[in-house]
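Participant: Predicted coordinates and the sequence they were generated for:
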Amino acid sequence: MRVIIVGAGQVGESIAADLSDAHDVVIVEQDPDRVEELNYSLDVLAVEGDGTNVSTLDEVDVADADMVIASTDDDETNIVICSTVKAVSDAFTIARVKNTEYLETWRRSTTAFGIDFMVCTYLQAAESIVRVVGLPAARDADLFADGRVEMAEFDVGPGSPLSGQTVAEADTYDSLTFAALVRDEEMLIPTGGTDIQAGDRLVVIGTPRSVRSFAGDVAPEEGVLSGEVVIIGGSEIGYHVARMLSERGISARLIEQDPDRARWLAEKLPDTMVMETDATDIEFLEREHVGDAEVVVAALDSDEKNLLASLLAERVGAERSVAVIDQADYVDLFEAVGIDVGVNPREVVAEEITRFTRDGGAENVALIENGRAEVLEIEITADSPLVGEPIRESIQSLPSDVVIGAITRGGEYVVPRGETVIQSGDHVVLFVDAEHADDVSARL
Amino acid sequence: MSVRVDYRASLSLVGTVLKYLSVPLLLPVVVALAYGETLAPFLPTIAVTFLVGTALERLTPEPDIRAREGFLMVATTWLAVALVGTIPYLIEAHGIPLLVEPIHPESTLGNPANALFESMSGFTTTGATVLGNINVVDHTRGVMIWRQLTQWLGGMGIVVLAVAILPELSVGGAQLMDAEAPGPGIEKLTPKIAETARVLWGAYFVITVVEILLLYGLALAGMAGPNMDAYNAVAHGLTTMPTGGFSPQARSIEAFSAAVQWVIIPFMVIAGTNFALVWQAVAGSPRELLRDTEFRGYLGAMAVLTAILTGLLFTGGFAAGVPQGATFDADYLQQYATTLAGSLEPSLRHALFQAVSIVTTTGYASMDFDTWSAPAQYALLFAMFVGGSAGSTGGSVKVIRWIVVAKVIRRELFTSAHPEAVRPVRLGGNSLDDRAIRGILSFTLFYVTIFFLASFVLFLDAARAGVDFTVLEVISGAASTLGNVGPAFYRLGPMGSYLRFPDSSKLFMVGLMWAGRLEILPLLVCLTPEYWRR
């Protein structure tokens, strides 16, 4: 595959490095020094130029490219690059953006801006933080449909209250679907009568809230976060972390210093307690018992402040700290000083784009059991065989190992039942055996 | 002192409104013709209204209405229509010298203060009355239907009606409607304000017609009791939707069957609902109605009040005896005390009817609630301060303001413990900005303050004139006129009247009703020197 990457910052470079072993990678970058550096350090072709100019794109034979990844640090530039590419080429376009509004627009019509796949830095970073914070017991967890649907994999331990129950007994949640059960290397599609045994592994799909409650059923001891989360800094990342946590029913407090931003956050997050103050004020931290928090997430706009805030919070007694770290080089250093987990947004995005490039196709994919099965999110088009009939009927046309785990319609969660009718425009999260994954995703 | 308000522009628009007011005056003319009555009370009224209107209109050829002129225009319009509204009452009592003999010289409305009170009570949809004999024998049917019609015209708002039909108000119209419409701020349903006004009046008209047809249908089916006929169906249709409360029946809705009382209840509920919501519900999204915070609060307030009253009536919550000068006798008290105690339907019906009637500020009564025990009466007094929804025809404080007040109090309690917490006051999905909250808090406080001051003024005036009133009577009278409710307690009760007040008190209450209908500020702002000078 011939891949063109525009913008060779940290993200572009990291993607290039990952893809260069299996693909032909061309980098377009404005900074001549950087171009020279990359030509030596990576097995790629780096070209100097402005990726928004069609002449530059012609120079790198964009018409023959299979994929173009726009990963400059500027949202609008990335959007213009993709639109320009679409005008002169059939290449698959991927854009990285920060502003979630652009992502919203793109989700309305997945051909918007000529972008085939859009990744939002802040959202990805937030999802990654929420995973770390929210479900310590899950072997694996992935969010779909803007974080409204979650897939998680749990081991049923010998002491788990679920062992010995049937699926029907264990499934006490409306908005949770048992997608698969792995026993002795064999993958079963569970029915209500299926017994759950110790040593089994369960794959469930549902609302983040029900998945979290279910984690408590599987492993009451260590399954879920029991205490409170304090988020320091109401940046975009801080906001999305708070939003996703509240969607999971985890109570959080969000501390933001700027009065206008604090007010905006409080309006957007009805279930989160927003406090307007400087989080490095020790007197405040003690008075509001921030030390009682189980996890402190530092999402301020500078790495140094995040380090300071996290250390202060741990000092007053917080158990764990997660910090957003913009400089990739600092991650190890900060973790050595005492921060438990450092999350680098650019690294997360680069991983996401790389993973997507490798998996191809579906909007969002999670691999299960080393690729033996997949959980896919697909936007249903009008000509899909699933549209218009109750699921009970329409599922007959698909292989028997397909499980419809969740549906979102206009941003609302819809519980999939036999009689549910899927509409065009719905997002469907489904579980499918890897054998049929390509076939199924093509037919839907 | 130079005047910075273009009062000519305001008066010119008032003139235009008056000119058009001569059109609805044709309804009593039609009624008078139908019943073979004299047209004397109405033809001169039409002539005077039209001429005064045209004369005022000539003050300025192209009135330019801005915020200040808007306040003045709205405030004077309501006084002007109330003044014009007295003419039929005065002619009925006095006739026209040399031309027309008095028709009913014994009418209490022959006293100009009484006539103005009745007229203002009508247009502001209060429903407090100073009529001595309420029937169509001591008054002509034409005059009695005019009394009903004043409420219907005042209900959705005379200025709103003007905005709907006068093209010259397309720009200043939103300002004017804002000054007149009940509740904080108006909702534009459509991009053009005239279209919004037309939608509101259209919905209002259609629902009124539906109610009239239902009431008449009950009469045809023989289920409405002996007093219901086409005349009464129209008369009550005209005063339910504006949450008015006037009735040509001395016994109000008690004069009709239980079926009629049940039919009127939902119409009072609709009348107290935000018309923008009603329109949206009819236009296709009825779920919005139940999701609306104010509508839920409104229903909740009525439900709680009904539950309390039903419990009280069911367990025999009636007065121990008949006080001197009461509007009921021992037989009446005995009859209700025995039929309601222990039987659910009548207890529920009368509790619900009175609760809805007072909360929506309609002021109908299905029985004389002066017979009720003190706690039940106190609950009704409390209800006078609730009021309908914003954007409805109801008066008083309005549910939405109380909801905001409650939420602000809760926020204050919370932020006392957590000073750094940021807690926007949410209504449904939106949050209110601090300016809007300040406006609502100050209005509510202002309203309560005016209520206390007004009660005090009425006490002093009654003492001066040597008329004895009970405390409950005076404060309920002040609350009832300020909130545009109508009936109060004891001798001011639903079967009584405000006749005993001295004329000076009546004129003061005309001011209360006027201020209450315009939600105080548009009227009061015109009385400040800053308004006129800088």
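Facilitator: That came in fine, so what should we check first?
Participant: got the residues of the stretch 351-500 of chain B near chain A?
Facilitator: By the rule Cβ under 8 Å from any Cβ of the partner chain, the part of the stretch 351-500 of chain B lying against chain A is B:418, B:420-424, B:426, B:431. All C-beta spots, glycine's among them, are computed from the backbone N, C-alpha and C.
Participant: Then chain B?
Facilitator: Looking at chain A, the residues of chain B close enough under Cβ under 8 Å from any Cβ are B:418, B:420-424, B:426, B:431.
Participant: Now neighbour count and pLDDT too, for those, in CSV please.
Facilitator: Formatted as CSV, these follow (neighbours: other Cβ atoms under 10 Å in any protein chain shown; pLDDT from 0 to 100):
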residue, neighbour count, pLDDT
B:418, 14, 89
B:420, 19, 89
B:421, 19, 91
B:422, 23, 90
B:423, 20, 89
B:424, 22, 88
B:426, 14, 85
B:431, 18, 82
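Participant: now the chain, which segments are flagged as low pLDDT?
Facilitator: Reading this off chain A. Of all residues in chain A, those with pLDDT under 70 make up the ranges A:110, A:136-137, A:139, A:221-226, A:358-371.
Participant: The chain in question should be chain B.
Facilitator: Low-confidence segments of chain B, defined by pLDDT under 70, are located at B:1-3, B:170-172, B:181-187, B:534.
Participant: those strands in it, which residues are they?
Facilitator: B:421-422, B:425-427, B:430-432 (DSSP state E).
Participant: Mind putting these into CSV with distance to residue A:216?
Facilitator: Formatted as CSV, these follow (distance: least, Cβ to Cβ, whole Å):
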stretch, distance to residue A:216
strand B:421-422, 28
strand B:425-427, 30
strand B:430-432, 33
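Participant: so which helix or strand takes in the residue nearest to residue A:345 when sequence neighbours are not counted?
Facilitator: Take residue A:345 and drop its neighbours on the chain: the residue closest to it by Cβ to Cβ, 6 or more residues apart in numbering or on different chains is residue A:125, 3.9 Å away. Remark: residue A:125 resides in helix A:121-134, with elements defined by DSSP states H and E.
Participant: domains in the chain, as residue ranges please.
Facilitator: In the absence of a named chain, chain A is used. Annotated domains of chain A cover A:2-115, A:136-222+A:361-444, A:229-349 [automatic domain parsing].
Participant: wait, I meant chain B there
Facilitator: Domains of chain B are assigned by automatic domain parsing as B:1-180, B:421-532.
Participant: Take the ones you listed and lay them out in CSV including distance to residue A:80.
Facilitator: Formatted as CSV, those follow (distance: least, Cβ to Cβ, whole Å):
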stretch, distance to residue A:80
domain B:1-180, 41
domain B:421-532, 34
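Participant: Mind jotting down where the strands sit in the stretch 301-444 of chain A?
Facilitator: Secondary structure of the stretch 301-444 of chain A (DSSP state E, counting those that start in this stretch): strands located at A:320-324, A:341-343, A:364-368, A:373-379, A:403-409, A:412-414, A:427-433.
Participant: Figure out which of those is closest to chain B.
Facilitator: The minimum distance between chain B and those falls on strand A:412-414, with 13.7 Å, by Cβ to the nearest Cβ.
Participant: Tell me the strands beside that closest one, with direction?
Facilitator: strand A:403-409 (antiparallel) (DSSP bridges).
Participant: can you list contacts of the partner strand?
Facilitator: Contacts of strand A:403-409 from elsewhere in the structure, counted by Cβ atoms under 8 Å, 6 or more residues apart in numbering or on different chains, are A:144-146, A:148-149, A:151, A:175, A:177, A:179-180, A:189, A:204-207, A:375, A:391, A:395, A:413-416, A:420, A:422-423, A:425-432.
Participant: ok now that strand, how far from the chain's centre?
Facilitator: With Cα atoms, centre = their mean, to the nearest Å as the basis, strand A:403-409 stands 17 Å off its chain's centre.
Participant: and if you look at stretch B:119-126?
Facilitator: Averaged C-alpha coordinates place stretch B:119-126 at 6 Å from its chain's average position (Cα atoms, centre = their mean).
Participant: what do you get for stretch A:332-347?
Facilitator: Distance, stretch centre to chain centre, for stretch A:332-347: 19 Å (Cα atoms, centre = their mean).
Participant: What of stretch B:191-209?
Facilitator: Using Cα atoms, centre = their mean, we find the averaged C-alpha position of stretch B:191-209 to lie 19 Å away from the chain's own average C-alpha position.
Participant: And for stretch A:95-106?
Facilitator: Its chain's average C-alpha position is 14 Å from that of stretch A:95-106, according to Cα atoms, centre = their mean.
Participant: Around residue B:69, count how many other residues there are.
Facilitator: 23 (other Cβ atoms under 10 Å in any protein chain shown).
Participant: Compute the distance between it and residue B:60, please.
Facilitator: Counting by Cβ to Cβ, to the nearest Å, the gap between residue B:69 and residue B:60 amounts to 10 Å.
Participant: quick one on the thing from earlier: reformat the domains of chain A as CSV; add mean neighbour count and distance to residue B:251.
Facilitator: Putting the domains of chain A into CSV (neighbours: other Cβ atoms under 10 Å in any protein chain shown; distance: least, Cβ to Cβ, whole Å) gives the following:
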stretch, mean neighbour count, distance to residue B:251
domain A:2-115, 19, 62
domain A:136-222+A:361-444, 18, 53
domain A:229-349, 21, 50
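Participant: Turn those into JSON lines, columns for distance to residue B:206.
Facilitator: Shown next, in JSON lines, are these (distance: least, Cβ to Cβ, whole Å):
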{"stretch": "domain A:2-115", "distance to residue B:206": "38"}
{"stretch": "domain A:136-222+A:361-444", "distance to residue B:206": "33"}
{"stretch": "domain A:229-349", "distance to residue B:206": "38"}
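Participant: Among these, which comes closest to residue B:328?
Facilitator: When these are ranked by proximity to residue B:328, the top entry is domain A:229-349, at 51.3 Å, counting by Cβ to Cβ.
Participant: Kindly point out which residues are neighbours of both of residue B:69 and residue B:60.
Facilitator: Listed as contacting both residue B:69 and residue B:60 by Cβ under 8 Å, 6+ apart are B:6, B:9.
Participant: Remind me what the longest helix anywhere in chain B packs against, helices and strands.
Facilitator: Among the elements of type helix in chain B, defined by DSSP state H, the one spanning the most residues is helix B:434-465. Contacts of helix B:434-465 with other secondary structure elements, assessed using 3 or more Cβ pairs under 8 Å, 6 or more residues apart in numbering or on different chains; DSSP states H and E, are made with helix B:399-417, helix B:471-482, helix B:503-517.
Participant: just those helices: most buried one?
Facilitator: Highest mean neighbour count of the helices and strands packed on helix B:434-465: helix B:471-482, a mean of 24 (counted as mean count of other Cβ atoms under 10 Å in any protein chain shown).
Participant: In CSV, list the C-alpha atoms belonging to it.
Facilitator: Once non-C-alpha atoms are left out, helix B:471-482 reads as follows in CSV (Å, rounded to 0.1, in the frame of the first residue of the first chain):
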residue,chain,number,x,y,z
VAL,B,471,-57.9,40.1,58.3
LEU,B,472,-58.3,37.1,56.0
GLU,B,473,-60.8,39.1,53.9
VAL,B,474,-58.5,42.0,53.3
ILE,B,475,-55.3,40.1,52.6
SER,B,476,-57.1,37.6,50.4
GLY,B,477,-58.7,40.5,48.5
ALA,B,478,-55.3,42.1,47.9
ALA,B,479,-53.7,38.8,46.8
SER,B,480,-56.7,38.0,44.6
THR,B,481,-56.8,41.3,42.8
LEU,B,482,-53.0,41.6,42.4
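Participant: who's in contact with that helix?
Facilitator: By Cβ under 8 Å, 6+ apart, the surrounding residues in contact with helix B:471-482 are B:121, B:126, B:128, B:363, B:377, B:381, B:384-385, B:396, B:447, B:450-451, B:454-455, B:458-459, B:462, B:469, B:485-492, B:498, B:501, B:509, B:512-513, B:515-516.
Participant: Strands along the stretch 151-300 of chain A, start to end?
Facilitator: Secondary structure of the stretch 151-300 of chain A (DSSP E, counting those that start in this stretch): strands at A:176-183, A:186-188, A:201-206, A:229-232, A:252-256, A:273-276, A:295-298.
Participant: Okay then, goodbye and thanks.
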